[in-house]
Each structure stands twice: as C-alpha cells, then as structure tokens.
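Predicted structure and sequence below. I'll ask about it afterward.
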Amino acid sequence: MSQGSMNLMIGGEAGQGLVTIGQVLAKALVKSGYHILVTQDYMSRVRGGHNTFTIRFSPQDLDSPCEGLDLLVALNQETLDRHAKELNSGAVVLADTGLSCGQAPCLNVPYHDLADKRYLNTVALGVASHLLGLDLELVAETLETAIGKKKGDKVVTENRQALEKAVQWAAGQDHGLKPPAPEKEPDQRMMLGGNQAIALGALAGGLKFLAFYPMTPSTAIALTVISHAEQMGVVYEQAEDEIAAVNMALGASYAGAPALVCTSGGGYALMTEGVSLAGMTETPLVIALAMRPGPATGLPTRTEQGDLLFALYGGHGEFPRAILTPGSVKQCFAAGYRALHLAEKFQTPVFILTDQFLADSLRALTPFDLSGLTPVRPGGGGASGDDYLRYAITDDGISPRRLPGMGPELVIADSDEHDEQGHITEDLELRVRMNDKRLAKQKGLRAEVEAPVFTGPEDADTLLVSWGSSQGPVAEAARRLGEDGQSVGTCHFSQVWPLAPEQFSERLKKAGQVVVIEGNATGQFAGLLKKEAGIAAQRFIGRYDGLNLTPEYILRQLAS
Amino acid sequence: MVDIKDYGDFETAWCPGCGNFSIRKALIQALAESDLAPHQILLVSGIGQAAKTPHYLRCNCFNGLHGRSLPAATGARLANPALKVITNSGDGCNYGEGGNHFLAALRRNVNLTMLAHDNQIYGLTKGQASPTSMEGMHTKAQPTGVHSYPFNPVAVAVSMHVGFVARGFAGEVEHLTGLIKQALAHPGLSLVDILQPCVSFNKLNTFQWYKERVYKLGEETKHDPADWDAAIRLSYEFGDRIPIGVIYTNDRPAFDSFFPVLQKGPLATQEVDYGVMEKVLESYC
Ligand SMILES: Cc1ncc(C[n+]2csc(CCOP(=O)(O)OP(=O)(O)O)c2C)c(N)n1
Ligand code: SF4
Ligand SMILES: [Mg+2]
C-alpha cells in the first residue's frame, strides 16, 4: 500500500464507460468515509485509445496522487500490457477471463457470464466495490444517481442486476486485498474537481456573465456555471470563437455584470487582444486558463504548466494584472471568488491559472463555508452629472467606475489612449499620465498578494519551491524525505503575479539549496524568481511529458 | 422630450464632405424622435473612421477593438436589457476583421441595432480595399484591381432570416432617419447597411455614383418586407439600380428573451442568493 492509502486504476478504451464507473466508485468511497484524489489520463478521442481513471484513497486527507497500484481494473489487454509493471506487492488485477495477465496476481472475472455486454463496466464496478469492502446499497444508489434515471427504469434495473451478480461472484473469490479502514462517522463531503471549484467560487463571488468557446481542459468550468446559471441568475453564451468570448465578457463587465471567460493556451492566444483591451479600458475581467501542453494544439488532454509567462505577458502594451495559481481544489474555489473581487477592485484582468491535472482532479471536500462571503458590487463613486470622469487620475490609479444606463452620467470607455472623460486623445503628455495611472494599480495589487506558504524548518537544507498544481506532489515528496530524517521544507506560491519578494526572499536565502519544481521544460517560475527577487535556484526539476508531477517522480529527480 | 441639442456638438476628425456627418445627423435625429436620451443609449464601435462616431455625440460609449463591436455590444446588452445598444462601425470592421462575429450575430439575434457605415473602402488606413469593394477597383494595395467578389451583407442577412434588414444612403438623411428609427424599435437584431461616400479614398463609389443609382422602396416600387423571396431578389440588386429602404422583416424572438433573469432588469442590480448557493454546493455531496 502507498503511505496508508490505496491506489486503484481503471484502464480501458474511450467508450467503455470507465469514467462513469470511476466517478461512481470515487463518490461511493467519499460517502463511505474516505478522502480521494483522482487523476485522469485520457487521449483526445471519443472512442478507442487508452485511458485511465486513477483513484487514490485514504482515511486521511491526501495531498497528491502517487505511483504504484494496489488494484488494477483492466477493461482491455492494453491496460495490462502498460500498467502491470506498476503493481505494488499484494496488488490485485481484475481482468476478463479472455485477457492474459502474465505473472500478475489476477482475478479473472467471467464478465460475459455475469451480464449483458452493455453492462460490463457495471460488473467491474461491482467486483471492485466488493473488494474494497463498500456497501452494495450505497454503490447501487450512487450508480442510479449517476445514470440519472428513476427507479423502475429498465436501465436502472439491469444495472442493479449486473451489480448484484458481480458482488455475488466476488464474494466467492479469495483475493487478499486489505483496504485501509474508512474514517468513522465522516462529515458530509462534496466530490468535485478544480474546474468545478473555480466555477463555484466565481458564482459565490457574484459572477453574472460567462462567455466561452469549448477547449479542453477548461470546458467543465463553463459547463458547471451553465448548470447552475438559471438558479444563480447568470447569463451565458458559447461564443463563435475566443475573440468573441473575451469581447462579450468585456461588454458585459463594462455594463456591470461580473464576467468570466475560460479557455486553454490556444484559446487564450486568441483572447490576448481582449486582455489588452481590458487593461486599456480598465474593465474587470477574469480569465480562467487551464493549461495543457503546447506549442499549438499540443497534447489536448494532458497536463503542463507551460503557459505561466504567456499568461503574464500575453496582451500588447503595459498594464497591471494578477495571476492566481491555486494548488488544490479547495484553493480553486477561493481563487474563483477572489479573482472576481480583485478584478473589480483594480479594474484590470485577473487570471486563474491551472492545468489539466488540477482541473480534472476530483477530491473530497467539506462543503465550502459561505459565511462572510460577499458578492462583487460593480460600479459606484465619482462626480455626478457631466462632471463625472471615468478615468479621473488618482494616486492609486483606481478611477470611479460608474455603469452605463444606471444614472445620468455618461460612461465612456475607449481602446485608444484617452483623456479623463474617456475620449480619444493624442496629447502625449496626457498619455504618459494615463499610462502611469494604470500602472499605479500594480502597487495596490502587490499590497494584496497572497503570500507563499512555507512548511518545514526555517533553515531547511533543501527548500522545494512550487506554484499551482505542483503543491501536492511537492508536499508529499517533502514529507517522505522528512520521514527519512532529511531537513526539507516547501514553499508554495498560490499567486505568482505580482510577486512581493519581502514575503519570501529572506527564507529562500536561508535554505541550503532552493529547488524549483514545476511542470514545464524551461523553469519559467524559476526564471521569474530570479528576475523579480534576484533569487537563483540551485536546481530546477521540470516535467513536460504530459503527465502530472508525482512525489515519486520528484524523489527520483532529486536523487539523480 | 429629448431634443437633438441634448446630443451636443463635437469637433470631429472626419474629412469635410464625408458621408459620416450625415449618418451622425440621421442617428441623432432618430434618437431624439424615439425619445431616447443620451444616458439611455450605448454606442459600441470598433476601430476605423466610422467607429469614431460614438465620440461625436453625447452617449455611453464602448469604443473597443477593430472588428469586435458586435461581441462587445452583445455582452453589454445581455448584462443590461434596459440599455438601447447600437453599433457604429465600418465595412472593414464589420465584415472583414469581424466577419465571424457578423455571421454569429445574425444567427444569435440579440436585441441590437447595427449601423454599418459602408464606404466600400478602408478609410482610416488610407484607402485599401474592403470586403465590399467592387471588383476591379484599384488601390495602392490592390494595384491590379480587386479580384475578390464583393461581400453582400444585406443578402447574407436576409438569407439568414434576420428580423430587420435595411439599406440606407448617407445622401438621404431624412429617409435614413426613418430607417434608423424603425431599426431601434425592432426587438431583435436590426441591420442598417448605409452607403457612405468616402470623399478621400473611394473615387469609384462617389456621392454622385450612389445618387444616380439609389431608389426608395415603397415610392417607385411596392415591396412587402415580409416577403422573403422578394427580399432576397432585392438584396442582390446592386448595380445600375440600388434599392434603399426596409428590405426584410420578421418577428423571430430575440436571444435576450430566452433568459428569464433578464426580465428582472440589469444584472448589476440583482442580488446573489447565498441560500441557493448552499443548495448548489449540497448537490455535490
Ligand atoms: C487588429 C487590428 N488590425 C488592423 C488595424 C488597423 N485598422 C484600423 S481601421 C482599419 C480599417 C478600417 O476600415 P473600415 O472598418 O471600413 O472603417 P472606415 O475607416 O472605412 O470607416 C484597419 C485595417 C487595427 N486597428 N487593429
Ligand atoms: S477618409 Fe473617407 S471615411 Fe474617413 S473621414 Fe475622410 S471621407 Fe470619411
Ligand atoms: Mg470602410
């Protein structure tokens, strides 16, 4: 077993229903009192290919996925061929009688004797649930909810029969799998991933408008908002392209609706002119950018942290912005909420930068505490009537933002350089003052930066630095090294722009060696640390094969 | 009553004799006659000579990026259904850089009035061909003449069953005022493609050229704008004779009408219900 937890993988082709049973199994584990951490590895196709759905579960909270499998549910031969070598000792494989398991300790399930071929995935679910000691009723109920059909429906009945047969069969098998006992009397927990949490955070922050163009791995942010849109009073539109999406969001935001766009690298490339427009017109905008490996179309369904500098520098001209990089699903919720508030306060674009690993990673969480949360309230302030100046020059750079049509004041926004009213100007002296005014907001943003979080000894021999989704794998790697008696600390940045070196420089300098760990090839954050804080990391560990960082990967790299 | 004086006087950067002056005049006249005050309207534009229009009358203004007036206008209108949203941009902005948005806007049918200042040329960048330039027109960028077939926005809009499609002429201010008024009253997307002489760069489609060709629908000839087949035929008439007037209308429901939340007024005035938010979170348990 992996560190008091168990790691199970379901593998097969797209179209075999492995995500459905993966989600049901994950949810049943959560309901039974486990913490979970799901990683999804899938190919960019709707049928065929090789896909996996991996659930690590434990009675304790989990930071990270890990390598090594305790239970492998193989829905095809390819899963066995690829993943048999990852089995831990004592692991069990579930495979159809027709598949060849080689040396692997295998339970050959007579799938076709147990159910019609439409329900093979349900059989796998039944056998796996039994091996994990899950309650049949609970699994059946979870499955019914997932199918979304009522009791008595033929599909529900047949699924239920397949499940029962599978469990009966499994009860007669000797397997020796010993899952850790679940937490007793667990709190009610939600199961959700990074994308969903960003959407919920934004809704909690008063989101009123969403525009998007579908792009993996960001689409579920939009789908989540849309699924609650009517309840929450949100207007949404699937735009004709990302250029339209960002310009729609800006139009809506200008008119007083807190607005969000979501996309991945290629779509963000198209949005950059809009990001610049947000900077110039000082229109609040939140961009949720879920990264995947590039360049170009890259690996559409895989993960990477390769667009940090693109998020930072995308958009022509110089203007302030903030980049939030949540490290966990819980932090995604906070980032969704906070991004809306920051964007409104500083009237500028704010990014939530995640990646496929975090976007798709399901976790168990106590429902977010909504007490004390307030929605963004756009607009207000400034002189009234004809004296109102949309771009009044102020010390902190923040000008009074009124909303068009909500009073007698006229609100003028212009993508050209403009005067305080908002009208086009080519007065070059005024241009400098306007540019200074906009950039002055960077100071305010900097004063509100979320400080990086440190763990471990003050003067650790080794300090592992991470940002965004690398947090978990780095935390677990550090813990394992600590258990081995090494002096290791971690430092995680959940906001990478602006950087406020006074928050971390001293501590980074105290460390024996600083190792920056991020999911890219060139060490983008390591470079930023050097440029902004003058701190040159001794080592950089990168990963860019499309897979997420794991504690084992980090430990291997550190040892090499 | 709203008076045209409420819309103010501004110094413009347009060439003397430019068709944009008449379009501005017709727009202000139509707004006043529709009893719309400056603070009740939002003019959204892209970039170009036409797109400067919102700076030359008192109004709420979102002068965004080249080609992007329609998406920005769409967002604004969907955020505040109380705003009367109008776009002012050129042929290049609307049909070239923003071509995909034009097609999508025709399908979407958001309650907007789209005034396309169609001078069949790129004015601001000093005289290159636009999507509506006629074949054979010579410019410095097209020294052997324009070889691409001109885009026909009116025909495309009619073919897409857009609820209000009209063609106007900057040289017929009163007639144009009437068209804009009707467009403003239409509860869905309304397109007015306006023939606009560019005295500095379009030496082919001059004021005189248009004047000799345009004729008013309903005056010399009868036309029923509800007759789609007739509208399609008219929309292709662009040669020796060019019809101006309302080409096509229907009463397809506007995109806005599918959002119940918009019946309650501007989104900015609506509270977040944290009780409902609790329930949303519970649905993940
Ligand atoms: C992205 C981008 N590309 C190019 C330009 C340069 N540009 C400004 S206006 C324009 C064309 C204007 O033509 P049209 O839309 O017909 O307006 P007109 O000036 O004729 O009224 C171009 C190419 C720009 N501002 N932005
Ligand atoms: S260049 Fe043409 S369109 Fe522009 S102001 Fe002059 S005449 Fe008008
Ligand atoms: Mg033009």
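Here it is on my side, so go on. In this text, all values refer to a predicted model and were calculated from it rather than measured experimentally. Ligands and ions are numbered 1, 2, ... in the order given.

residues from the stretch 1-150 of chain B in reach of ligand 3?
B:90-92, B:119 (C-beta under 5 Å from the ion). The C-beta positions use only the backbone N, C-alpha and C, and glycine is treated the same way.

can you rerun that using 6 Å?
The stretch 1-150 of chain B has residues B:48, B:90-92, B:119, B:121-123, B:130 near ligand 3, with proximity defined as C-beta under 6 Å from the ion.

most surrounded residue in these?
For those, the largest neighbour count, defined by other C-beta atoms under 10 Å in any protein chain shown, is 35 neighbours, found at residue B:90.

Would you map the helices across the stretch 351-500 of chain A?
A:356-360, A:428-447, A:471-483 (DSSP state H, counting those that start in this stretch).

Make TSV out of those helices and add distance to chain B, mean pLDDT and mean neighbour count.
Below are the helices of the stretch 351-500 of chain A laid out as TSV (distance: least, C-beta to the nearest C-beta, whole Å; pLDDT from 0 to 100; neighbours: other C-beta atoms under 10 Å in any protein chain shown):
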stretch	distance to chain B	mean pLDDT	mean neighbour count
helix A:356-360	15	97	30
helix A:428-447	15	98	15
helix A:471-483	20	98	22
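
near ligand 2, which residues of the stretch 151-285 of chain B?
Contact residues, the stretch 151-285 of chain B versus ligand 2 (C-beta under 6 Å from any ligand atom): B:198-201.

Just flag the most distant two among the residues you listed.
B:199 and B:201 (8.1 Å; C-beta to C-beta).

Compare neighbour counts for those two and give me the winner.
Under the criterion of other C-beta under 10 Å, the comparison of residue B:199 against residue B:201 puts residue B:201 first, with 20 against 16.

Next, count neighbours for the nearest residue to that one once chain neighbours are set aside.
Closest residue in space to residue B:201, ignoring its immediate chain neighbours: residue B:127 at 3.5 Å, by C-beta to C-beta, 6 or more residues apart in numbering or on different chains. Look at residue B:127: counted by other C-beta under 10 Å, it has 18 neighbours.

Show the pLDDT at residue B:127.
At residue B:127, the model reports a pLDDT of 97.

Kindly report the same for residue B:113.
98.

cool, and residue A:461?
In this model, residue A:461 carries a pLDDT of 98.

Equivalent analysis for residue A:485, please.
So, for residue A:485, pLDDT stands at 97.

Check the one 4 residues further on too.
Per-residue confidence at residue A:489 stands at 98 (pLDDT).

who does it bridge with?
According to DSSP bridges, residue A:463 are recorded as the beta-bridge partners of residue A:489.

which residues touch residue A:131?
A:71, A:92, A:94, A:170, A:175, A:177, A:179 (C-beta atoms under 8 Å, 6 or more residues apart in numbering or on different chains).

residue in chain B nearest to ligand 3?
Across chain B, no residue is closer to ligand 3 than residue B:90, which sits at 3.4 Å (C-beta to the ion).

Distance of that residue relative to residue B:119?
In this view, residue B:90 and residue B:119 are 7 Å apart by C-beta to C-beta, to the nearest Å.

Report the set of residues contacting both of the two.
B:49-50, B:130.

what's the closest of those to residue A:188?
Among the shared contacts of residue B:90 and residue B:119, and counting by C-beta to C-beta, the member closest to residue A:188 is residue B:50, at 58.6 Å.

Next, the residue nearest to residue A:412 when sequence neighbours are not counted: phi, psi?
Among residues not flanking residue A:412 along the chain, residue A:422 sits closest, at 2.9 Å (C-beta to C-beta, 6+ apart). With angles defined as degrees, to the nearest 10, residue A:422 sits at phi 120, psi 0.

contacting residues for residue A:422?
A:390-391, A:411-414, B:61.

okay, the residues you listed in JSON lines with distance to residue A:366, neighbour count and pLDDT next?
Formatted as JSON lines, the contacts of residue A:422 follow (distance: C-beta to C-beta, whole Å; neighbours: other C-beta atoms under 10 Å in any protein chain shown; pLDDT from 0 to 100):
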{"residue": "A:390", "distance to residue A:366": "43", "neighbour count": "25", "pLDDT": "98"}
{"residue": "A:391", "distance to residue A:366": "44", "neighbour count": "23", "pLDDT": "98"}
{"residue": "A:411", "distance to residue A:366": "42", "neighbour count": "26", "pLDDT": "98"}
{"residue": "A:412", "distance to residue A:366": "47", "neighbour count": "27", "pLDDT": "98"}
{"residue": "A:413", "distance to residue A:366": "42", "neighbour count": "26", "pLDDT": "98"}
{"residue": "A:414", "distance to residue A:366": "47", "neighbour count": "25", "pLDDT": "98"}
{"residue": "B:61", "distance to residue A:366": "47", "neighbour count": "29", "pLDDT": "98"}
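
Could you identify the most distant pair in the residues you listed?
The widest separation within the contacts of residue A:422 (C-beta to C-beta) is 12.6 Å, between A:391 and B:61.

what sits against residue A:348?
A:278-279, A:282, A:284-285, A:319-322, A:438, A:441, A:445.

cool, residue A:25 as well?
A:8, A:10, A:55, A:125, A:128-129, A:132, A:139.

Next, work out how far apart it and residue A:17 are.
For residue A:25, the distance to residue A:17 - C-beta to C-beta - is 12 Å.

near ligand 1 at all, the lengthiest helix in chain B?
Criterion DSSP state H: the longest helix present in chain B is helix B:19-33. No. Using C-beta under 6 Å from any ligand atom, we find that helix B:19-33 stays clear of ligand 1, coming within 7.3 Å at best.

Which other helices and strands does the helix or strand just after that helix contact?
Sequence-wise, the next helix or strand downstream of helix B:19-33 (DSSP states H and E) is strand B:41-45. Helices and strands touching strand B:41-45, by 3 or more C-beta pairs under 8 Å, 6 or more residues apart in numbering or on different chains; DSSP states H and E, are strand B:60-63, helix B:69-79, strand B:84-90.

ok, and which of these has the densest surroundings?
helix B:69-79 (a mean of 32; mean count of other C-beta atoms under 10 Å in any protein chain shown).

Report the secondary structure state of whichever residue of chain A sits closest to ligand 1.
Relative to ligand 1, the nearest point of chain A is residue A:273 (6.6 Å; C-beta to the nearest ligand atom). The three-state label given to residue A:273 by DSSP: H, G, I helix; E, B strand; the rest coil is helix.

Chain A contacts on the stretch 151-285 of chain B?
Residues of the stretch 151-285 of chain B lying near chain A by C-beta under 8 Å from any C-beta of the partner chain: B:259-262, B:264, B:266-274, B:276-282, B:284-285.

Of those, grab the buried ones for PyMOL.
Per 16 or more other C-beta atoms under 10 Å in any protein chain shown, the buried members of these correspond to this PyMOL selection:
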select buried, chain B and resi 259+261+262+266+267+268+270+272+277+280+281+284+285
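
among the residues of the stretch 151-285 of chain B next to chain A, which are in helices?
B:274, B:276-282.

hmm, which two among those are most spread apart?
So, these by C-beta to C-beta: farthest apart are B:274 and B:282, at 12.6 Å.

what bridges to the residue of chain B closest to ligand 3?
Under the criterion used (DSSP bridges), residue B:90 bridges to residue B:117.

so what's it up against?
B:46, B:48-51, B:116-119, B:122-124, B:130.

From ligand 2, how far off is it?
8 Å (C-beta to the nearest ligand atom, to the nearest Å).

With residue B:58 instead?
For residue B:58, the distance to ligand 2 - C-beta to the nearest ligand atom - is 21 Å.

If you drop the residues flanking it in sequence, what lies closest to residue B:281?
residue A:367 (4.7 Å).

Is the residue in chain A that ligand 2 sits nearest to bridged to anything, and to what?
Nearest to ligand 2 in chain A, going by C-beta to the nearest ligand atom, is residue A:424, at a distance of 14.1 Å. Note on residue A:424: beta-bridge partners residue A:418, judged by DSSP bridges.

Surely it and residue A:415 touch.
No. With contact defined as C-beta atoms under 8 Å, residue A:424 does not count as touching residue A:415 (9.4 Å).

Could you pull out the residues contacting both of those two?
residue B:63.
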